[in-house]
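Asker: structural data only, the sequence is not supplied:
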């Protein structure tokens, strides 16, 4: 990651351009669909400052430096709860205020509102979106150990205290109901459920969170993990008057680039002077056959190097949340968290946060439900939702373009599965599908999985 | 039902007292729990008029007399959809505005908001509660028959047109997701699912509803089926300044009577001059082992005759909705519909609309979730939620009383199952559990199910 690192040596994010070329400037008009409702919402929103965080104030739960030693001493004397890797990711999410105004793992009233209403009502009567439970499970033994204590210390797997949870509330973990209401199915084989719910404890513990130090992963990617506060600072530094967020957990191909570039063009047409793209790959738990974060970041680097996206108007950062694959429920979380990072536009595609049904031969969610639900979600009224048309490989142009239903025979759809199969077999996709440097990263990734002298991939790809 | 009929010969509802005695006037103070939030909400709500319907105006979808003939002619030429008994119950519900402002079977945007948010956002940005999908399923063949038509006629099983649905929208019926999000489980054996979803068509059809005539069942109970408009008229006639609704689908025992009487006492203490009880048994689909509506109505009659409740301050009417047994999701519907009928207080007990888990040996819902979810539900902020403490048989007093946790040994809990078993076996419950006349109705009901000379009950009790 040499060139990115060079740029990043001065600032921890991409505030300087790598190149200035922008190859997709010859796009057809009105390629991105802007519903009239979004346009109405937008009126009057062109202004100097960034969109306000949910609840008005960005929550930050990291103990300040002078008090850290004292808090660590306190933690040592409290009942202990050991966190899993996913628990730590949620703690990270909470600590930086992605879930503002949530101030810790959910208590039961927040959990129930999330399950039933996908939103929380605040004391002043206003409503913020909150669609995915951010909860901490404990088992009977841990519950017994906590006893009557009103506080617990959270420990990582190395045996170090990482946080204190205060004014705690312990309540039943209704696993089946949580799964059914979050995913709309209870079929076996949901990746997050298998990883984090099925074998989790039968109790949930909520409370006010104080995190003892900023969360670091020491994987060479921490410099990309900008908090909402850091992102807001960067976006303000760039004088962004519109921020459009693009959530992704897959390699970037030229179809993605097309719609991001086109979105910027449309925002300029709408009168914004400096729209900034927040290219925001998800960094937490993903399912076994997704491309791991470090390889994705290498791939994104190549895309920027190759000039497919303009680094001057792009901020690349890692979103620390784990992935639920909960479709219309989860896309709300993905959008809401980006409001807290300063985004006032959110790009939503076909079947966001979706996956195949784990048991039946169909997609788990209707491909259009995600954007429909997002556009109606309580607490997201301030966010401009940008649905986009499907991009596909246009054989007549030899590049990715928005699908034109009047000439379907000209388009080639390259699914994620197809893309992975090509890369695994060291084959090339059609020219113009992805920049060659980015494609090579994918081929290298799958190559790295192949045991020497074997040639076959392992059944389960390590996360 | 002689005495009730006599009273009802002049007006179609219980506006005249049967007796004036009220045996439960010696109750302990503060027996019903009024949370401070409810009290705060109430301030300023003591006023002459009834609570406004959701959306501001009561929806009424019944074609006016002069136009009925013409509409029936129109219906004859439209593609036909035949309704099931439950479809007809929902059509009844919609036609009288219980689901105001809903103007017909749900289109997809309403269906999705119901599933995800338990509420609908109106054009003016305000939110009304809507937790249970009111949808109409059709199969592939019906869909093909409808073709490009924008209207369909709804027919009953006798082959008569009963309604027209206009400006229709046909969309996929995601059964698994609907079930999971509504019930929080997909376990086999949910009564409503078995009856109305599993074998229903794979499409839903929504649209604007016009019902050709008021819905009648000709079962001798139609005079108890007051519409929200009729109930509002009756409540205004009685000069009600508070209306407290009690949803029930079971025989009334003295524990119920205790809390209804006590609620009235508390409302008087709060400054209301004329609180009226809306005793509102559910009249639509119920599961096979619930006591059928006609027997329940006979039982309620005896309770009023015996003076357990004061008819002068009680309106008995039938709520035409089918039962989902969907716990915290459904209790919102039960409450919301009563707002439309003029109720501004809603009594909620332990495990409302709950049942045993169909597969596991436990209750399907946490017994406290119903009242918690109800108290936080979007669109129900105007409604005063009245949770009540559990009533049980106090052996020291020989009557039903609010459970006193300081002397648990003095109380006997008589569950629905226990009650049914006693009545089936023609045994008596403890004195003071239920008025003798009411109990006899139950015994007679179970007696009526026993085949002569057999003595054993049929496995499945007909609904």
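Answerer: That came through fine. Bear in mind that the values here come from a model prediction, so they are computed numbers and not experimental data.

Asker: going by C-alpha atoms from here, please, whenever you check contacts or count neighbours.
Answerer: OK.

Asker: give me phi/psi at the closest residue to residue A:402 other than its chain neighbours?
Answerer: The shortest distance from residue A:402 to any non-neighbouring residue, by C-alpha to C-alpha, 6 or more residues apart in numbering or on different chains, is to residue A:391 (4.2 Å). Main-chain dihedrals, residue A:391, degrees, to the nearest 10: phi -100, psi 140.

Asker: mind listing what residue A:391 touches?
Answerer: When contacts are counted by C-alpha atoms under 8 Å, 6 or more residues apart in numbering or on different chains, residue A:391 touches A:255-256, A:258-259, A:400-403.

Asker: repeat that for residue A:264.
Answerer: Counted by C-alpha under 8 Å, 6+ apart, residue A:264 has contacts A:275-277.

Asker: can I get those residues in JSON lines with pLDDT and neighbour count?
Answerer: JSON lines is the format used below for the contacts of residue A:264 (pLDDT from 0 to 100; neighbours: other C-alpha atoms under 10 Å in any protein chain shown):
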{"residue": "A:275", "pLDDT": "97", "neighbour count": "24"}
{"residue": "A:276", "pLDDT": "98", "neighbour count": "24"}
{"residue": "A:277", "pLDDT": "97", "neighbour count": "28"}
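
Asker: how about the residues of the stretch 251-400 of chain A by chain B?
Answerer: Residues of the stretch 251-400 of chain A lying close to chain B (C-alpha under 8 Å from any C-alpha of the partner chain) are A:329, A:369, A:372-373, A:376-378.

Asker: state the phi and psi torsions of the nearest residue to residue A:63 once chain neighbours are set aside.
Answerer: Using C-alpha to C-alpha, 6+ apart and skipping residues adjacent in sequence, the residue nearest residue A:63 is residue A:212, 5.3 Å away. For residue A:212, the backbone dihedrals (degrees, to the nearest 10) come out as phi -80, psi -30.

Asker: tell me how far residue A:212 lies from residue A:70.
Answerer: Note on residue A:212: its distance to residue A:70, by C-alpha to C-alpha, to the nearest Å, is 10 Å.

Asker: returning to what we had before: so which of the contacts of residue A:391 wins on neighbours?
Answerer: When neighbours are counted by other C-alpha atoms under 10 Å in any protein chain shown, residue A:400 leads the contacts of residue A:391 with 27 neighbours.

Asker: helices or strands up against the strand or helix carrying that residue?
Answerer: Taking DSSP states H and E as the criterion, residue A:400 maps to strand A:399-402. Strand A:399-402 sits against helix A:254-269, strand A:391-394, with contacts defined as 3 or more C-alpha pairs under 8 Å, 6 or more residues apart in numbering or on different chains; DSSP states H and E.

Asker: what does it contact?
Answerer: A:31, A:254-255, A:258, A:389-394, A:431-433.

Asker: nearest to chain B, of those residues?
Answerer: For the contacts of strand A:399-402, the closest approach to chain B (C-alpha to the nearest C-alpha) belongs to residue A:389, at 19.9 Å.

Asker: isn't that closest one right up against residue A:403?
Answerer: Yes. Using C-alpha atoms under 8 Å, residue A:389 is in contact with residue A:403, at 7.1 Å.

Asker: give the contact list for the closest residue to residue A:400 other than its chain neighbours.
Answerer: Once flanking residues are discounted, residue A:400 sits nearest to residue A:393: 4.3 Å by C-alpha to C-alpha, 6+ apart. Applying C-alpha under 8 Å, 6+ apart to residue A:393 gives the contacts A:255, A:399-401, A:411-414, A:433.

Asker: how near is residue A:367 to chain B?
Answerer: Noted for residue A:367: a distance of 12 Å to chain B, by C-alpha to the nearest C-alpha, to the nearest Å.

Asker: can I assume that residue sits in a strand?
Answerer: No. Applying DSSP: H, G, I helix; E, B strand; the rest coil, one finds residue A:367 to be coil, outside a strand.
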